[in-house]
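**Student:** sharing a model that was predicted from the sequence below.
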Amino acid sequence: MRSLKKQKGLSALGWLVVIMIFGFTLLVTSKLGPHYLDNRFVIETLETLGSDPAFPRMSPGEIRSKLDKTFNINNIRGQATESVKVTKNNEGTLVQIKYEERVHLMQNIDVVLTFNSVLDSNKPDECCRPPLR
C-alpha cells in the first residue's frame, strides 16, 4: 500500500478528461433541454384541454384557438404550434401534435428530437401517449 505522501490526486490529463466530460454534458443539456421543456408545456396544455368538460363539444377552430392562446402564454413557438392536427368525427375528437426538432450540436453533428402527443376525447386519461403502431 502506498503512503499518503505518494498519493497526489488527479493528474493534469485526468483533470482535462473530467473537464471535457463536464463540458460535453453541459453542452448537450443546454442545447436539448429547452426542447424537452417546451414539449412538457405541450403535454400540460393537452392535459388541461382534456380535463375541460367542454372539450368533446368544441369545434376544431375553438380547440386550435385555445391551444394557441396557451402556447402564446407559455412562450412556445415553432414546430409545436404549427403541427397541431384536430380530427373530429362521430367517435369523438382527436388532437395530435407531432413534430421533429433538429438541433445542431457541434461541427457536423445534429440531433433529431421526435415528439408525438395525442389527446383523444374518448380516453382523456391516456393523454399524450403516442398511438401504438
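**Tutor:** Structure received.
**Student:** OK, contacts around Gly78?
**Tutor:** Contacts for Gly78 (CB atoms under 8 Å, 6 or more residues apart in numbering) come out as Asp38, Glu101. C-beta here means a position set from N, CA and C on the backbone, and glycine is covered the same way.
**Student:** from here on, count from 3
**Tutor:** Shifting the count to begin at 3 puts that one at Gly80.
**Student:** for stretch 104-116, measure first residue to last.
**Tutor:** Distance between the boundary residues of stretch 104-116 (CA to CA, to the nearest Å) amounts to 9 Å.
**Student:** give me the residues contacting that stretch.
**Tutor:** Outside stretch 104-116, the residues within contact range by CB under 8 Å, 6+ apart are Leu29, Val30, Lys33, Leu34, His37, Tyr38, Tyr101, Glu102, Glu103.
**Student:** what helix or strand does the second one sit in?
**Tutor:** This means Val30. Assigned by DSSP states H and E, Val30 belongs to helix 14-53.
**Student:** can you name the element that comes right after that helix?
**Tutor:** The helix or strand immediately downstream of helix 14-53 is helix 62-75, counting by DSSP H and E.
**Student:** now do the buried residues in the helix or strand of the chain with the lowest mean pLDDT.
**Tutor:** Ranked by mean pLDDT, DSSP states H and E, the helix or strand of the chain with the weakest confidence is helix 81-84, at a mean of 85. Along helix 81-84, these residues count as buried under the neighbour rule (16 or more other CB atoms under 10 Å): Gln81, Ala82, Thr83.
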